[in-house]
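In: Compute the structure for the input listed below.
(one chain, ligands or ions: 1)
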Amino acid sequence: MARRKIVAGNWKMNMTPSEAVKLTEELNPLVASDDVDVVYCVPAIDITTVVEAVKGTKVAVGAQNLYFEDKGAYTGEIAAPMLVDAGVKYVIIGHSERREYFKEDDAMLNKKVKKALEAGLIPILCCGESLEQREMGVTMDWIRFQIKSDLVGVTAEQVASLVIAYEPIWAIGTGKTATTEQAQEVCKGIRECIAEMYDQATAEAVRIQYGGSVNGGNAAELFAQPDIDGGLVGGASLKADFGKIVNYK
Ligand code: PGA
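Out: Now for the predicted structure:
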């Protein structure tokens, strides 16, 4: 069965709750689509208002992070059951900004992936190499390491349901998109890695996004690649361009 495309906006640390309502109302009519799953991954404080503002549309709401315990003395953290209860369906895990600025390592991300799945959330698991790693020729080794460590103990059935986002760090927020060939090559490599770890059916089912300076002008070519099942979009998800990305055809 053909994989359904999924386009997720990563709002990062942008939009106050009142700005979030305005943006959602502006974007909703532009992102209407019958063949693409659309997600707004919003700051935690915006979740309740955005869940309300997408009612009656097909847009799903995602979080940008979660903690791997269900509750307790973890000041400042947000638990999976809280997200679920608030109406969240997806959660970004292991974005390179969290790995770099907040020192999230693969052992922690593995716990987060398992917790999200256990709670019924769909993880958007991010991976990606730095420019130094690309230049050293270790891109695929690094990505395979991330994927293997982040998925320890995750079943084939669970992997088939999740989303992996390949985001080369050097392409994030830089306006420097990976070439279509580079993006396809790594997304294909991720699928091969999943096939080795699990089986062909799981590899065929898992959805793999490309992220890093995706915009209305380059989405069509990227999403036409056989192993690219949509995009994780930062900057362009905060403007009308997001509608063009969703309706890329
Ligand atoms: P960008 O960000 O689209 O602004 O490059 C992508 C991301 O970080 O998810």
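In: List of residues touching the worst-scoring helix or strand of the chain on mean pLDDT?
Out: Every helix and strand of the chain was ranked by mean pLDDT, DSSP states H and E. The lowest is helix 131-136, at a mean of 95. Contact with helix 131-136 is made by T139, W142, P168, I169, W170, as judged by Cβ atoms under 8 Å, 6 or more residues apart in numbering. C-beta here means a position set from N, CA and C on the backbone, and glycine is covered the same way.
In: Lowest pLDDT pick from those?
Out: Within the contacts of helix 131-136, W170 has the lowest pLDDT, namely 94.
In: quick one, what contacts it?
Out: Applying Cβ under 8 Å, 6+ apart to W170 gives the contacts S130, L131, R134, K176, G212.
In: What's the separation between the last one and K58?
Out: Going back to what we said before, that points to G212. 26 Å (Cβ to Cβ, to the nearest Å).
In: When those two are compared, which one has more neighbours?
Out: Just comparing G212 and K58: by other Cβ atoms under 10 Å the higher neighbour count belongs to G212, 27 against 13.
In: Any figure for the gap between that one and the ligand?
Out: Distance, G212 to the ligand, using Cβ to the nearest ligand atom, to the nearest Å: 5 Å.
In: burial of D199, as a residue count?
Out: Other residues near D199 number 14, with proximity taken as other Cβ under 10 Å.
In: Run through the helices of this structure in chain order.
Out: Secondary structure of the chain by DSSP state H: the helices cover 17-27, 47-53, 80-85, 96-101, 106-119, 131-136, 139-150, 156-161, 180-197, 200-205, 219-223, 241-246.
In: Just say which of those is most tucked in.
Out: Scoring the helices of the chain by mean neighbour count under mean count of other Cβ atoms under 10 Å gives helix 241-246 as the most buried, with a mean of 23.
In: Quick check: mean pLDDT of it?
Out: For helix 241-246, mean pLDDT rounds to 98.
In: Need the contact partners of it.
Out: 7, 9, 27, 29-31, 33, 36, 38, 214-216, 219, 231, 233, 236-237.
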